[in-house]
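**Q** Output the structure for:
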Amino acid sequence: MEQEFIELLRSTKREGIEDLIDFLKKSDFFKAPASTRFHGSYEKGLMEHSMKVYEILKHKVETSFVPINIPQESLIIIALLHDICKTNFYKVDFRNAKNALGVWEKVPYYTVEDTIPYGHGEKSVMMITEYIKLTPEEKYAIRWHMGYTEPKELYGTIGEAYKKYPIALLMHEADLESTYFFNI
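**A** Numbers count the residues shown, from 1 in each chain. Here you go, the predicted model:
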C-alpha cells in the first residue's frame with residue numbers, strides 16, 4: 001500500500017512532490033496510527049485511512065449531484081495528505097492492563113506528542129506548502145476537512161467555505177465515512 005500511495009503522489013507531477021515524498025519516507029507517516037483510539041489506531045492506520053479517504057472522495061466526486069470540476073491530481077493531494085499533520089505526532093507509551101487471565105501486564109498504546117501545536121487542518125496545509133503549491137480548492141478542502149468538529153464559533157466560516165468550494169464538504173464527508181463506516 002505504501003508504494004501505491006507514493007505512486008499516486010508522483011502521478012500528480014507537482015513541483016516539489018519528490019521532496020514531500022522523501023519527507024514522508026523519513027518520517028513515521030507510513031507506520032503511524034490514524035488516531036489514538038477513534039479509528040485506525042494501529043500501525044499503518046494513517047496510511048490506510050488516507051487511502052480509504054481517497055477511494056471514497058473519488059467516488060463521491062464521480063457520483064455527485066452537483067458537478068465537481070476538480071482535477072484528479074487535486075483529489076489525490078487532498079485525500080492522501082489531509083492528515084499529514086499527524087506525522088511525528090503519535091508516540092508509543094505503556095500502561096498496565098489485565099490480560100485474559102486477569103494478570104497485570106504492560107501493554108503499548110498510542111499517545112499524542114504535538115511538537116508543532118498549529119491546529120489540525122491548518123497544520124496540514126502549512127506542512128504541505130513547505131514542499132508543493134496548493135490550489136485554493138485544495139487548501140480549503142484540507143483546512144476544513146474536520147467540518148463541524150471545529151469550535152462552534154467557526155461554523156459560519158465552515159459553511160461559507162463549503163458553499164465556495166464543494167470539494168471541501170465532500171472531503172469532510174469522505175473523512176467521516178472512512179472513520180465511521182470502515183473504522184479506518
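
**Q** give me phi/psi at the most centrally placed residue in the chain?
**A** The centroid of the chain falls nearest to D83 when counting by Cα atoms, centre = their mean (2.5 Å). D83 adopts backbone torsions of phi -110, psi 30, taken as degrees, to the nearest 10.

**Q** Equivalent analysis for T115, please.
**A** Phi and psi for T115, reported as degrees, to the nearest 10, are phi -90, psi -10.

**Q** Can you report how many residues lie near it?
**A** Neighbour count for T115, taken as other Cβ atoms under 10 Å: 6. Where C-beta positions appear, they are placed from N, C-alpha and C, glycine not excepted.

**Q** Quickly note the distance from it to Y54.
**A** Applying Cβ to Cβ, to the nearest Å, the value for T115 to Y54 is 27 Å.

**Q** Then Y148?
**A** In this view, Y148 and Y54 are 22 Å apart by Cβ to Cβ.

**Q** If you count surrounding residues, which of these two has more?
**A** Comparing Y148 with Y54 by other Cβ under 10 Å, the one with more neighbours is Y54, at 23 against 12.

**Q** Could you find the closest non-adjacent residue to the more buried one?
**A** Taking Cβ to Cβ, 6 or more residues apart in numbering as the measure, Y54 lies nearest to A79, with 3.6 Å between them; neighbours along the chain are not counted.

**Q** how about the helices in the protein?
**A** Taking DSSP state H as the criterion, the chain carries its helices at 2-11, 17-26, 45-62, 72-81, 121-128, 136-143, 155-164, 166-182.

**Q** same question for the fourth one, mean pLDDT?
**A** I take that to be helix 72-81. Across helix 72-81, the average pLDDT comes to 98.

**Q** OK, contacts around E177?
**A** For E177, the residues meeting the contact criterion (Cβ atoms under 8 Å, 6 or more residues apart in numbering) are I56.

**Q** can you rerun that using 10 Å?
**A** With contacts taken as Cβ atoms under 10 Å, 6 or more residues apart in numbering, E177 has the following neighbours: K52, V53, E55, I56, L57, H59, K60, I184.

**Q** And it, how far from R14?
**A** Relative to R14, E177 is positioned 26 Å away (criterion: Cβ to Cβ).

**Q** swap in L81?
**A** Per Cβ to Cβ, L81 is found 11 Å from R14.

**Q** okay, and the common contacts of those two?
**A** Residues touching both L81 and R14 comprise L20, I128, Y131, I132, L134, with contact defined as Cβ under 10 Å, 6+ apart.
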